[in-house]
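> Here is the input, now give the coordinates:
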Amino acid sequence: MNTLQISIYLLVFLVALALVFDFMNGFHDAANAIATVVSTGVLKPQTAVAMAATFNFIAIFVFQLKVATTVGKGTIDPMIVDHYVVFGALVGAIFWNLLTWYYGIPSSSSHALIGGLIGAAVAKAGTDSLIASGLIKAISFILLSPLLGFIFGSIMMVLVSWIFVRSTPRKVDKWFRRMQLVSASMYSLGHGGNDAQKTMGIIWMLLIFSGVSTVSDPLPIWVIVSCYAAISLGTLFGGWRIVKTMGQKITKLKPVGGFCAETGGAMTLFIATALGIPVSTTHTITGAIVGVGASKKMSAVRWGVAGNIVWAWVFTIPASAFVAAIFWWIGTQLF
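Here you go, the predicted structure:
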């Protein structure tokens, strides 16, 4: 087998591994999109994941590829990208996703991938290989996305409470059972639009390194379609271990609260995707759920549970970076 054949097989393997990560992203983060609508009893789990998966894919027709550009060209120096860097980054991210899914911890697939890229890049070429502007933009939203979710979620809850102040609880519940179908769909649309593009960015890196594409070439259609399809399939299979944590352990949600949390989260995701910022859907919906609970009364939020989730956020980037650095070295020995 000649060198060209080995390179082709390695490229195919890594593209497949990237799509596995994309599938895991949807699988791991399905709870973010469906937890509120399932926990409020508006939809059965199977119906909820089918709806979420559908809107994950519909995002292909809605959003520009700004997030893919940020990940593919704006996080680490494209000149140091090779098969080993991508292998390490993907394994680091997949490892963290599997670990947090197993323990039912709602962590960020997005920041696991960013951490993986950082760890593999630094292992190969040191800190000079990092692009500060892109990473600062992504990492700053560890704080900003839950904050925006909190603000939008709490504002929505206050507005809805004011608008429906004279309505009976029964009427409000009936109305928002319908409205939550819309808000859950919009959140799933934002989830697909932001998260699928992160994997596109990784594959873009690979194609440029392999000489299949140049930096100035547009992203191939097959990459776009396959990434949206992979995340949609992952969502369809769903990460059920996390649903209970997101839907009921942080605060008790009714349909009106679920609507406000999903709407606040969707607004945050739409804004971030339009600006080309890779954000965590986990951070966003968690912030929105806490905002809804806190708008009623501070004691409505189980702050201990929320605190445990935040600790998982803190460890995501360094943990996935550490694993990625190890697997970068393993990759150099294997391939």
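> could you dump stretch 109-128 to PDB, C-alpha only?
This file holds the C-alpha atoms of stretch 109-128, laid out as PDB (Å, rounded to 0.1, in the frame of the first residue of the first chain):
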ATOM      1  CA  SER A 109     -20.100  19.100  23.600                       C
ATOM      2  CA  SER A 110     -19.000  22.400  22.000                       C
ATOM      3  CA  HIS A 111     -16.400  23.200  24.700                       C
ATOM      4  CA  ALA A 112     -15.300  19.600  24.700                       C
ATOM      5  CA  LEU A 113     -14.400  20.000  21.100                       C
ATOM      6  CA  ILE A 114     -12.700  23.300  21.700                       C
ATOM      7  CA  GLY A 115     -10.700  21.800  24.500                       C
ATOM      8  CA  GLY A 116      -9.700  18.900  22.300                       C
ATOM      9  CA  LEU A 117      -8.400  21.200  19.600                       C
ATOM     10  CA  ILE A 118      -6.500  23.200  22.200                       C
ATOM     11  CA  GLY A 119      -4.900  20.100  23.800                       C
ATOM     12  CA  ALA A 120      -3.900  18.500  20.500                       C
ATOM     13  CA  ALA A 121      -2.500  21.800  19.000                       C
ATOM     14  CA  VAL A 122      -0.500  22.600  22.200                       C
ATOM     15  CA  ALA A 123       0.900  19.100  22.300                       C
ATOM     16  CA  LYS A 124       2.200  19.400  18.800                       C
ATOM     17  CA  ALA A 125       3.300  23.000  18.500                       C
ATOM     18  CA  GLY A 126       2.900  24.800  21.800                       C
ATOM     19  CA  THR A 127       0.700  27.700  22.700                       C
ATOM     20  CA  ASP A 128       1.800  29.800  19.700                       C
END
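> What residues of it count as buried?
Neighbour counts over stretch 109-128 (16 or more other C-beta atoms under 10 Å) mark 109-125 as buried. Heads up, the C-betas are built off the backbone N, CA and C, glycines and all.
> Show only the entries of these found in helices.
109-125 (DSSP state H).
> residues contacting Pro218?
Residues in contact with Pro218 (C-beta atoms under 8 Å, 6 or more residues apart in numbering): none are found.
> Can you verify it is assigned to a helix?
No. Looking at Pro218 with DSSP: H, G, I helix; E, B strand; the rest coil, it is coil, so not inside a helix.
> and it, how far is that from Thr199?
Note on Pro218: its distance to Thr199, by C-beta to C-beta, to the nearest Å, is 17 Å.
> and what of Met179?
According to C-beta to C-beta, Met179 stands 32 Å off from Thr199.
> Report the contact partners of Leu65.
With C-beta under 8 Å, 6+ apart, Leu65 has these contacts: Gln197, Met200, Leu219, Ile224.
> Could you rerun that using 7 Å?
Leu65 makes contact with Gln197, Met200, Leu219 under the criterion C-beta atoms under 7 Å, 6 or more residues apart in numbering.
> what helix or strand is the first one on?
Spelled out, that is Gln197. Per DSSP states H and E: Gln197 is located in helix 169-210.
> for that helix, what is the average pLDDT?
Here helix 169-210 scores 87 as its mean pLDDT.
> Do I have it right that Ile142 meets His111?
Yes. In terms of C-beta atoms under 7 Å, Ile142 counts as a neighbour of His111; the distance is 6.4 Å.
> Who are the contact partners of Ile142?
Per C-beta under 7 Å, 6+ apart, neighbours of Ile142: His111, His283, Trp313.
> and of these, the nearest to Ala325?
The nearest member of the contacts of Ile142 to Ala325, counting by C-beta to C-beta, is His111 at 16.1 Å.
> my read: the closest one touches Pro318, true?
No. In this structure His111 lies outside contact range of Pro318 using C-beta under 7 Å: 10.2 Å.
> The nearest residue to Leu181 once chain neighbours are set aside: neighbouring residues, count only.
Among residues not flanking Leu181 along the chain, Val42 sits closest, at 6.9 Å (C-beta to C-beta, 6 or more residues apart in numbering). Applying other C-beta atoms under 10 Å, we find 23 residues neighbouring Val42.
> From Pro255, how far out is Val42?
The gap separating Val42 from Pro255 is 6 Å, by C-beta to C-beta.
> ok, Gly211 - how many residues close by?
Using other C-beta under 10 Å, Gly211 has 9 other residues around it.
> ah, wrong one, I meant Val158
Neighbour count of Val158, defined by other C-beta under 10 Å: 15.
> How about the one 5 residues further on?
Neighbour count for Ile163, taken as other C-beta under 10 Å: 10.
> what's the answer for Leu135, then?
Neighbour count of Leu135, defined by other C-beta under 10 Å: 18.
> Before we go further, it is sitting in a strand, right?
No. Assessed with three-state DSSP, Leu135 is helix; it does not lie in a strand.
> Look at it and report its pLDDT.
84.
> Give me the buried positions along the host helix or strand of Thr47.
Using DSSP H and E, Thr47 sits within helix 45-58. Neighbour counts using 16+ other C-beta under 10 Å place Ala48, Val49, Ala50, Met51, Ala52, Ala53, Thr54, Phe55, Asn56, Phe57, Ile58 of helix 45-58 among the buried residues.
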